[in-house]
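*Asks:* need a structure here:
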Amino acid sequence: MPAIEIEGLTKIYGRQTAVDDLSFSVFASSIFGLLGPNGAGKTTTIKMMTGLIRPDRGRIKVLGKDLSRSPVEIKRQIGHVYANMAFYP
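*Replies:* Below you'll find the predicted structure:
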């Protein structure tokens, strides 16, 4: 079972699509990089994966649990540090 599963992840801001139908899996004990030019949607993807913003479409599973159904439980299991600090509300 993947540690992270992303299926059809989409985020739209007004007329701008920041992330468009993104899907990938990351298995435990692997090294995974999210690379791309400025404006490619990397930060938006990470913010959706950590629960800071909600996707418009798609599914995020972390450690086998759906982020939309178990957000608090998942946030207790993950850690992330931004260059500019952001906190959960």
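*Asks:* Now do the strands for the protein: every range, in order, please.
*Replies:* Under the criterion DSSP state E, the chain carries strands at the ranges 4-13, 16-26, 57-62, 65-66.
*Asks:* so which of the ones you listed is the most packed in?
*Replies:* Using mean count of other C-beta atoms under 10 Å, the stretch among the strands of the chain with the largest mean neighbour count is strand 57-62, at a mean of 18. In this view, the C-beta of every residue, glycine as well, is placed from N, C-alpha and C.
*Asks:* Just name whatever secondary elements that one is in contact with.
*Replies:* Judged by 3 or more C-beta pairs under 8 Å, 6 or more residues apart in numbering; DSSP states H and E, the packing partners of strand 57-62 are strand 4-13, strand 16-26, helix 42-49.
*Asks:* Of the ones you listed, which is nearest Lys61?
*Replies:* Using C-beta to C-beta as the measure, strand 4-13 is the one of the helices and strands packed on strand 57-62 that comes nearest Lys61, at 4.1 Å.
*Asks:* I'd like the average pLDDT over the closest one.
*Replies:* Confidence for strand 4-13, expressed as mean pLDDT, is 98.
*Asks:* Just give me how far it sits from the chain centre.
*Replies:* A distance of 7 Å separates the centroid of the chain from that of strand 4-13, by C-alpha atoms, centre = their mean, to the nearest Å.
*Asks:* Next, the angle from that strand to strand 57-62.
*Replies:* On the basis of axes from the mean of the first three to the mean of the last three C-alpha atoms, to 10 degrees, strand 4-13 is oriented at 140 degrees to strand 57-62.
*Asks:* what about dumping the CA coordinates of strand 4-13 to CSV?
*Replies:* Extracted C-alpha coordinates of strand 4-13, given in CSV (Å, rounded to 0.1, in the frame of the first residue of the first chain):
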residue,chain,number,x,y,z
ILE,A,4,0.7,8.7,-0.2
GLU,A,5,-1.9,8.3,-3.0
ILE,A,6,-3.0,11.2,-5.1
GLU,A,7,-5.8,10.7,-7.7
GLY,A,8,-7.2,13.3,-10.0
LEU,A,9,-6.1,16.2,-7.8
THR,A,10,-7.4,19.6,-9.2
LYS,A,11,-7.3,23.1,-7.8
ILE,A,12,-8.7,26.1,-9.6
TYR,A,13,-8.5,29.7,-8.6
